[in-house]
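Asker: Pasting a predicted model and its sequence here:
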Amino acid sequence: MSLFKKLRDKVTPPRVNVSLFLKEQLFYLGGNVEGTVQVESQEEFDCTEVRCELECVERVRKTKRIYDPALKREVDQQVWDSAVIFSARPQLVGALHIPEGFIQSFPFKILIPPGTQPSLKSLDRVVVWNLKGVVAVEGRPDATSKTIEIQVSPHPRIQQALSTVSCKYCGTVFPQSETRCPNCGAPRTAH
C-alpha cells in the first residue's frame, strides 16, 4: 500500500453510499421509528458496525449577562443553550467485511420514549429530532447518510384532546392554552 493511499484513507471515509428509507413520514411519542439503512459500496473495506443514530436536541433562547471589555460593564446578550434530550445508537450489524459492489439493507426499529418532547420550532425554543445511518470504520472517518429531520408529534389521542388555534397573522397552529403566537408573537384572537 502506498504512503499516499494510507494518508488518504486516514482522512477520507470509504466510498460507500449510505441511505435511509423510512416506513412513515410522521412519528409519535411512545411509537417507533422504523425503516432501513441501505449500504452500497464502491470499494472493499472492513467496518466495525452499521448503526442508526436518533437524537433529540432542544435549543432555548435565553438572556445572559456577559462582560463587555469595550464598554467595561456587563450587558444583556441573547444566547442559545442547547441540550440533548434523547439519544439512541442501535447497532444493526457488527463487524463486517464489505466487498466492492456490496448492496444490502439493514432494518431498524427505534422506540421514541413517551416522556420526551415533540418537534417544535418557535421564536425562543426549538426541539429537533435527527436521524442518520452510519457505517463505522476503524482508523478512518465513518461513512454516513444525510441527516434527516423527522417530525415527532404527541400521541394522536393526546393531540386530539389539545385544542389548537391558528394565528390570524402568520397562520401558525398552536395550542389554545397559549395567549400569544409562538412564531410571530401576536396575541391569540377569539375564533
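Answerer: Arrived safely.

Asker: Not counting stretch 22-39 itself, show me its contacts.
Answerer: Contact with stretch 22-39 is made by 16-21, 50, 52, 54, 92, 98, 102-116, 118, 129, 131, 133, 135, 145, 148, 150-156, as judged by CB atoms under 8 Å, 6 or more residues apart in numbering. C-beta here means a position set from N, CA and C on the backbone, and glycine is covered the same way.

Asker: out of the residues you listed, which are buried?
Answerer: Buried members of the contacts of stretch 22-39, scored by 16 or more other CB atoms under 10 Å, are 16, 18, 20, 50, 52, 54, 92, 98, 102, 106, 108, 110, 112, 118, 129, 131, 133, 135, 145, 150, 152, 154.

Asker: what residues are up against the fifth one?
Answerer: Listed by CB under 8 Å, 6+ apart, the contact partners of Cys52 are 37, 88-90, 92, 108, 110, 131-134.

Asker: So which bits of the one helix or strand it maps to are buried?
Answerer: Assigned by DSSP states H and E, Cys52 belongs to strand 49-68. Neighbour counts over strand 49-68 (16+ other CB under 10 Å) mark 49-58 as buried.

Asker: Tell me the strands beside it, with direction?
Answerer: Counting by DSSP bridges, the strands paired with strand 49-68 are strand 73-88 (antiparallel), strand 91-93 (antiparallel), strand 125-136 (antiparallel).

Asker: Quick one: mean pLDDT over that strand.
Answerer: Strand 49-68 shows a mean pLDDT of 93.

Asker: show me where pLDDT drops low in this protein?
Answerer: Counting by pLDDT under 70, the chain contains low-confidence ranges at 1-10, 156-163, 177, 190-191.

Asker: For Thr63, see how far away the residue of it positioned farthest from its centre is.
Answerer: Distance from the C-alpha centroid of the chain, by CA atoms, centre = their mean, peaks at Lys72 (40.1 Å). The gap separating Lys72 from Thr63 is 20 Å, by CB to CB, to the nearest Å.
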